[in-house]
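[1] pasting the sequence and the predicted model now:
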2 protein chains.
Amino acid sequence: MFGEFNLIDKYFSARQTQRKDVHLALGDDCAIVKAPEGVRIAISTDTLVAGTHFLADANPAWVAHKALASNISDLAAMGATPAWVSMALTLPSIDEAWLKPFCDAFFELANYYNIQLIGGDTTKGPLSISLTVQGFVPDDRALTRSGAKVGDWIYVTGELGDSQAGLSVVLDAEKRHEPFALELEKRHYISHPRVLAGQALLNVASSAIDISDGLISDLKHILNRSQVGASIDTSLLPISKELMQFLGDISDAQKCALTSGEEYELCFTVPEQNKGSLESVLAHTGTKVTCIGQIRPHGTFELHNKGKKLNWSLEGYDHFKAGV
Amino acid sequence: MFGEFNLIDKYFSARQTQRKDVHLALGDDCAIVKAPEGVRIAISTDTLVAGTHFLADANPAWVAHKALASNISDLAAMGATPAWVSMALTLPSIDEAWLKPFCDAFFELANYYNIQLIGGDTTKGPLSISLTVQGFVPDDRALTRSGAKVGDWIYVTGELGDSQAGLSVVLDAEKRHEPFALELEKRHYISHPRVLAGQALLNVASSAIDISDGLISDLKHILNRSQVGASIDTSLLPISKELMQFLGDISDAQKCALTSGEEYELCFTVPEQNKGSLESVLAHTGTKVTCIGQIRPHGTFELHNKGKKLNWSLEGYDHFKAGV
């Protein structure tokens, strides 16, 4: 029989490389860590709840990846270098067939980003995973939401919309027969946090956010915090060929790109004078970035298609309005 | 209608004193904080789940207090000075009648300990609260579980057993008529983390743990990590007059004191040569401490009553074996 203590030992202790700044990890009342000199600590907490953020029968490896990747993405959006993670894992019961692939995927991703699991709590209850990740930013710089200025250019990394399309496959088995449905379903769970891009952008971007609630909603967080507006050309939105074939209509694909949550791409702004250096600072990261619009004065928010104004009504994702 | 963002604004932003080491709190992708020089960071995560750790209809102010106090207690057990907390709050719906007293009690306790809420995540789902607290310990010292040596004296703070008695009242309304039942019920929820005592013990204790699973279980964590054994004189266990009257039997009260979880008192060990200074280092904290036994060689674990050996079979609390 597995109790709380054996669970920690069996699945979580000694599974990972040891960071030199972790003096005490699992197994005491607290973890003890030490931040390097010259840095501030960036901290983010995210929770995934079965039935709200994923279905209880979802692939446990994908759930682990999504839980950790969504947190790392918040570090990426600040330009932070990941370091430590704490996990609060609530389980209805000890199910080894679920825990093993969950832990394998969790540690694979954590080790890839050189993140050490330093502590946590396993409790009995409805399935949920809450992670607190920590990383480092230089003392004098971090990418925040509040630095965008009128005239700055608006960029996004990668391609947008795949996550929402994948979610529609999760929720409607009929859609599994559409083109690329299974690939899009996988992309809903498996994202690649833009850590290297975020770090590179520390030198050129004026603001940044990761796209978790949907491009429009998240961009509006930048606009609110920076007290500016924006103009977006939907014809510039980066859309995958898989999404285009899945939806079969360019307007539908653009709307999907504007509202799709849990993308974990970055949306960021770049002043005119830094536009030229953007490509070179990102070159070593292999990150595709696309300019989709420009920052306008506060109070302005317009969507257009190559200059033709659009009156689309779009809402971002809010977990208190809609569950999975 | 309240969405996720308004919820954060209304209940959590700008409710608290601002720490100077918090450069960015709620409202961005990450919080940004800075640890002082000469310290390491102690980090602990604890989760309370409705139905496992408290009943869904429990007083929300008490639930908030319990959630934060249990985390602060982990910092106390390391001798750490509390600093920051992140909250992952999962709610079935936005219920202002629940949220207001919950937040009031949370911030009252946080402010008392000079802890700032730096970030978190509010999600929809079965009620649970997961907190990650952080504090500071000196670079060269922390109270761990691994430093106990044969011959060290075993101490506990406060009085033990009240929490388990209070839980029995929560679970069985008939017991509300027993003496002090309502006071004990309150004590099950409301504990006073031994932060000052923990800091004072940095200079004199060889090991420490907070009593969350029950004295026997938690002491055994010290014994395992320190590779030692123990002898406990049950006649020395500090028991409140309320518990004694509630149970009406001294042996029952002692058994309760040995197994009662969620006490959030400290159990710690003190080398013979530091025993004399214990009283003076604790004087300013107003903490009652009681010597209950002594560390013995590895493999030994004995309970006795003034020298008379006891064969009590006792088990600690494990949330995967028993819920509320």
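    Ah, there it is. Residues are numbered from 1 along each chain as shown, chains lettered A, B, ... in the order given.
[2] after the lowest-mean-pLDDT helix or strand in chain A, next one along is what?
    None of the helices or strands of chain A scores lower by mean pLDDT, DSSP states H and E than helix A:4-11, at a mean of 60. On the C-terminal side of helix A:4-11, the closest following helix or strand by DSSP states H and E is strand A:22-24.
[3] what's the closest non-adjacent residue to residue A:206?
    In space, and not counting its chain neighbours, residue A:206 is closest to residue A:147: 4.3 Å by C-beta to C-beta, 6 or more residues apart in numbering or on different chains. For the C-beta atoms, the positions are set from N, CA and C on the backbone; glycine is no exception.
[4] report the contact partners of the one you found.
    Going by C-beta atoms under 8 Å, 6 or more residues apart in numbering or on different chains, residue A:147 touches A:205-207, A:226, A:269.
[5] next one, pLDDT for it please.
    Residue-level confidence at residue A:147 comes out at 93, pLDDT.
[6] what's the answer for residue A:24, then?
    88.
[7] same question for residue A:15.
    pLDDT, residue A:15: 67.
[8] gap between the spatially most central residue of chain A and residue A:278?
    For chain A, the residue nearest the mean C-alpha position is residue A:264 (3.0 Å; C-alpha atoms, centre = their mean). Residue A:264 sits at a distance of 20 Å from residue A:278 (criterion: C-beta to C-beta, to the nearest Å).
[9] now do residue A:251
    Distance from residue A:251 to residue A:278, by C-beta to C-beta: 29 Å.
[10] same drill for the two, tell me which one is more crowded.
    residue A:278 (20 against 12; other C-beta atoms under 10 Å in any protein chain shown).
[11] which one is the closest residue to chain B within the stretch 101-250 of chain A nearest to, not counting chain neighbours?
    In the stretch 101-250 of chain A, the residue that lies nearest chain B is residue A:125 (3.4 Å; C-beta to the nearest C-beta). Among residues not flanking residue A:125 along the chain, residue B:49 sits closest, at 3.4 Å (C-beta to C-beta, 6+ apart).
[12] report the angle between the strand or helix carrying that neighbour and strand A:39-49.
    Using DSSP H and E, residue B:49 maps to strand B:39-49. Strand B:39-49 and strand A:39-49 meet at an angle of 10 degrees, taking axes from the mean of the first three to the mean of the last three C-alpha atoms, to 10 degrees as the criterion.
[13] now for strand B:39-49, which elements pack on it?
    On a contact count with 3 or more C-beta pairs under 8 Å, 6 or more residues apart in numbering or on different chains; DSSP states H and E, strand B:39-49 meets strand A:31-33, strand A:81-91, strand A:116-124, helix B:60-78, strand B:128-138.
[14] how far off centre is the first one?
    Read it as strand A:31-33. Mean C-alpha position of strand A:31-33 versus that of the full chain (C-alpha atoms, centre = their mean, to the nearest Å) differs by 26 Å.
[15] can you tell me the strand partners of it and which way each runs?
    According to DSSP bridges, strand A:31-33 forms sheet pairs with strand A:22-24 (antiparallel), strand B:39-49 (antiparallel).
[16] now those as a markdown table including mean neighbour count and distance to residue B:29?
    Converted to a markdown table, the strands paired with strand A:31-33 look like this (neighbours: other C-beta atoms under 10 Å in any protein chain shown; distance: least, C-beta to C-beta, whole Å):
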| stretch | mean neighbour count | distance to residue B:29 |
| --- | --- | --- |
| strand A:22-24 | 19 | 23 |
| strand B:39-49 | 26 | 20 |
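[17] among these, which is nearest residue A:217?
    Nearest to residue A:217, of all those, is strand B:39-49, at 28.0 Å by C-beta to C-beta.
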